[in-house]
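Asks: can't give you the sequence, but here's the structure:
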């Protein structure tokens, strides 16, 4: 019995010993594999996301430009005229004809605008057109075609919260800086320099700082999806809340600025009271101050402000709705008109002497 038990224990020991040897041998084998594995070459290794960032930057940065705003000032003592740099920003090449898109506030008040391309060549730019209410401006330079590399245009309607976006610009004068983030929100509203609302704005956490204004916001295909325009920050530097004008808005406005020098929207043919006046006197609607001769509004019978025999001013029509959409400000009125084209017929409701009047007005081309 003892021999048989001893035999059993000996056999068990041999089995355990073999297993231990196998485990130890495997450990040494794994260690040997780890020791022998080739080290990763960081110069060639890239994650998929890093490779995408690098590719987009290398291609898109060729289209990004440095915009310098210079103003003329007279020296107080010598009375000589001097060029004083007033600020800088970003922009990008729109087409091979030399058109440059940037923010209006970047070039506002400039006596001279200089564009610096990626090859560091400098070109004096002429102002082709501006839309202050949309914070957009188009410049033009006479650079050779081989130096003009426009960005591919994307579709901002396809953006989703969480999708990656990249911003390239010149924050604080540091040229060609790349920042990466995501779409944080869509459909935001911000005020332009004229206090008109810019609608449908893209919010992103990609760092946008002073100097980034006018630069492109790109999707992961390197396509233009927005124009960086503003940040929300108590300190004036990025806190992760930046805004960009959607490219679908830009693509509608830029051709108009190139052709006409301004937004070419159809008009009713009226002059209206300012939004500040409307707010001050708490008027419900938009008062018509004057009706232009030969306009659609005149043909429809609208009235502006007039005087009675005693010289008192009397209201005419106060527009309260267009196409059944309530109107309480010039901004709301213009937003509706921008959705129409020349020749369209709109239905306007107005308050005249406390009675609601309806007019069908043909929209005409601006003068």
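Replies: That came through fine. Remember, it's a predicted structure, so these values are computed and weren't measured experimentally.
Asks: Distance-wise, check the nearest residue to residue 308 once chain neighbours are set aside relative to residue 269.
Replies: Sequence neighbours aside, residue 314 is the residue nearest to residue 308 in space, at 5.7 Å (criterion: Cβ to Cβ, 6 or more residues apart in numbering). Heads up, the C-betas are built off the backbone N, CA and C, glycines and all. Using Cβ to Cβ, to the nearest Å, residue 314 is found at 20 Å from residue 269.
Asks: Counting neighbours, go ahead and name the busier of those two.
Replies: Ranked by neighbour count (other Cβ atoms under 10 Å), residue 314 and residue 269 place residue 269 first, with 23 against 10.
Asks: Can you name the residues that contact the more buried one?
Replies: Contacts for residue 269 (Cβ atoms under 8 Å, 6 or more residues apart in numbering) come out as 291-292, 294-298, 361, 364.
Asks: if we go to 7 Å?
Replies: Residues in contact with residue 269 (Cβ atoms under 7 Å, 6 or more residues apart in numbering) are 291-292, 295-298, 364.
Asks: the strands in the stretch 251-367 of the chain, which residues?
Replies: Applying DSSP state E, counting those that start in this stretch to the stretch 251-367 of the chain gives strands spanning 270-272, 286-291, 306-307, 313-314, 318-322, 325-326, 345-352, 355-362.
Asks: closest one to residue 116 among these?
Replies: Set against residue 116 and scored by Cβ to Cβ, these come closest in strand 270-272, at 41.8 Å.
Asks: neighbouring strands for the closest one, and are they parallel or not?
Replies: strand 286-291 (antiparallel) (DSSP bridges).
Asks: quick one: average confidence on the partner strand?
Replies: Strand 286-291 shows a mean pLDDT of 95.
Asks: OK, contacts around the nearest residue to residue 298 once chain neighbours are set aside?
Replies: Among residues not flanking residue 298 along the chain, residue 291 sits closest, at 4.9 Å (Cβ to Cβ, 6+ apart). Going by Cβ under 7 Å, 6+ apart, residue 291 touches 269-270, 297-298, 302-304.
Asks: so residue 291 bridges to which residues?
Replies: residue 270.
Asks: follow-up on the earlier one: bridging residues for the residue nearest to residue 308?
Replies: Applying DSSP bridges, one finds that residue 314 bridges with residue 306.
Asks: residues in contact with it?
Replies: 305-308.
Asks: Roughly how far does it sit from residue 361?
Replies: 22 Å.
Asks: From residue 229, how far out is the closest residue to residue 230 other than its chain neighbours?
Replies: Of all residues not flanking residue 230 in the chain, residue 243 sits nearest, at 4.7 Å (Cβ to Cβ, 6+ apart). In this view, residue 243 and residue 229 are 6 Å apart by Cβ to Cβ.
Asks: Comparing these two, which shows the higher neighbour count?
Replies: Shown here are residue 243 and residue 229; by other Cβ under 10 Å, residue 229 has more neighbours (28 against 23).
Asks: How about the backbone phi and psi for that one?
Replies: phi -130, psi -30 (degrees, to the nearest 10).
Asks: okay, it: pLDDT?
Replies: For residue 229, the predicted pLDDT is 90.
Asks: Would you check that it makes contact with residue 244?
Replies: Yes - because the distance of 6.1 Å satisfies Cβ atoms under 7 Å, residue 229 is recorded as touching residue 244.
Asks: what residues are up against the residue nearest to residue 230?
Replies: 188, 190, 201-203, 229-230.
Asks: The spatially closest residue to residue 91 that is not a sequence neighbour: how many residues sit nearby?
Replies: Nearest residue to residue 91, sequence neighbours excluded (Cβ to Cβ, 6+ apart): residue 102, at 3.5 Å. Applying other Cβ under 10 Å, we find 29 residues neighbouring residue 102.
Asks: cool, and residue 252?
Replies: By other Cβ under 10 Å, neighbour count at residue 252 equals 12.
Asks: Quickly note the distance from it to residue 246.
Replies: 10 Å.
Asks: How about residue 170?
Replies: Residue 170 is 22 Å from residue 246, by Cβ to Cβ.
Asks: Which one's more surrounded, the two?
Replies: More neighbours surround residue 170 than the other of residue 170 and residue 246, with 26 against 23 (other Cβ under 10 Å).
Asks: Surely the more buried one is in contact with residue 88?
Replies: Yes - Residue 170 sits in contact with residue 88 when judged by Cβ under 7 Å, with a separation of 6.4 Å.
Asks: Are there residues contacting both of those two? Which ones?
Replies: Joint contacts of residue 170 and residue 88 (Cβ under 7 Å, 6+ apart) are 66, 211.
Asks: I am finished for the moment; much appreciated.
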